[in-house]
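Novice: With the input below, show me the fold.
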Amino acid sequence: MKNKLAIFGFLVGIAIVIFLAVVPIKDEVSPGGTSSNTPLPSMSPPMPSPSASPIPPTSMGIVDEIVTNLEWGNIAFETPKKMQFEEPKIIELLLSSTKSVQELQSSLKSQEQIESARIQISNRMEADLSGQGFKIEALVPQEQAVYRGKTTQWKWEVTPTKDGNQNLYLTLSAIINVSNEKVPLVIRTFDKTIKVDVSVGQQISTFVSGNLEWLWASILVPIFPFIWKWYKKKRDKNQPPNNPGAAD
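Specialist: Numbers count the residues shown, from 1 in each chain. Predicted coordinates:
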């Protein structure tokens, strides 16, 4: 009987060992919801994800990005080949982001000589007309706001002050924001040679006004006595004679 109990106990022990070896033992779960056998996670802050570094305010990359985002538009302006000395002429420039070059050309009042181009534009544009041989008066502000619903117009009154071939320069600039400051960005420049003609009357008038002192000293002063003598002789000849029959 004792041998049977010993054999039974031995078999039961083997069965328990096999059961423990096959079936995994579950971890105890702590009240906070974490396993008692699992190490607690680290409390160090997560590493920030890598991101692109900001462009420095002095970097030319800022301007590169602005230029890349500029829109495109068309311009048309008058470029006369000839002008008359001291005679003013109106020169007009049109800009639009929606109208074609042909539409802008047909909108110009003067159809003498017209040039057109496609340029980059911003919502603020500046147009400047200059030339040493001209007196130029801007009839509208040189810096203007630009928007899609309207054709932007610039007008100047140009008066030639020198004769011969004279150069006229047109500069178009976009006003951009760089480091919170408004600065002009030159987009395109045009230079035109205009022939300024002078009439004979204008040549005489210009010569006299420019050499008045020389004319006075060289011509008028020497001939003044002859002119005075001729005038006096003519005056005496036209006077009536004295009455000979007058009594004492």
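Novice: Hmm, residue 161 and residue 87 touching each other?
Specialist: No. Taking Cβ atoms under 8 Å as the definition, residue 87 is not a contact partner of residue 161, at 11.1 Å. C-beta here means a position set from N, CA and C on the backbone, and glycine is covered the same way.
Novice: Need the residues that contact the strand ranked longest in the chain.
Specialist: With residue count as the measure and DSSP state E as the assignment, the chain has strand 181-197 as its longest strand. Under the contact criterion Cβ atoms under 8 Å, 6 or more residues apart in numbering, strand 181-197 has outside partners 63, 66-67, 77, 79-85, 115, 117, 119-122, 124, 126, 133, 160, 162-176.
Novice: From these, keep the buried residues only.
Specialist: Neighbour-count burial (16 or more other Cβ atoms under 10 Å) is assigned, among the contacts of strand 181-197, to 77, 80, 83, 85, 120-122, 124, 126, 133, 160, 163, 166, 168, 170-176.
Novice: Mark which of the contacts of strand 181-197 are part of helices, please.
Specialist: 63, 66, 67 (DSSP state H).
Novice: Contact partners for the last one?
Specialist: Think residue 67. Shown in contact with residue 67 (Cβ under 8 Å, 6+ apart): 120, 185.
Novice: Ok, the second one next?
Specialist: With Cβ under 8 Å, 6+ apart as the criterion, the residues that contact residue 66 are 176, 177, 178, 185.
Novice: Farthest-apart pair in those, please.
Specialist: Using Cβ to Cβ, the contacts of residue 66 span at most 10.4 Å, a distance reached by 177 and 185.
Novice: neighbour count winner among those two?
Specialist: residue 185 (16 against 12; other Cβ atoms under 10 Å).
Novice: ok, now how distant is that one from residue 128?
Specialist: Taking Cβ to Cβ, to the nearest Å as the measure, residue 185 falls 13 Å from residue 128.
Novice: quick one, strands of the protein?
Specialist: When assigned using DSSP E, the strands of the chain occupy the ranges 71-78, 82-84, 89-96, 114-121, 124-130, 134-138, 143-145, 152-160, 164-178, 181-197.
Novice: May I see the buried residues of the first one?
Specialist: What it means is strand 71-78. Of the residues in strand 71-78, those with enough neighbours to count as buried (16+ other Cβ under 10 Å) are 73, 74, 75, 76, 77, 78.
Novice: what does stretch 139-147 give?
Specialist: Of the residues in stretch 139-147, those scored as buried under the neighbour-count criterion (16+ other Cβ under 10 Å) are 144, 146.
Novice: now swap in stretch 99-108 and tell me
Specialist: Neighbour-count burial for stretch 99-108 flags 99, 104, 105, 108 (criterion: 16+ other Cβ under 10 Å).
Novice: so the last one makes contact with residue 92?
Specialist: The reference is to residue 108. Yes. Taking Cβ under 8 Å as the contact criterion, residue 108 and residue 92 are neighbours in contact, 5.8 Å apart.
Novice: Give me the common contacts of those two.
Specialist: Taking Cβ under 8 Å, 6+ apart as the contact criterion, the common neighbours of residue 108 and residue 92 are 77, 78.
Novice: All good on my end, thank you.
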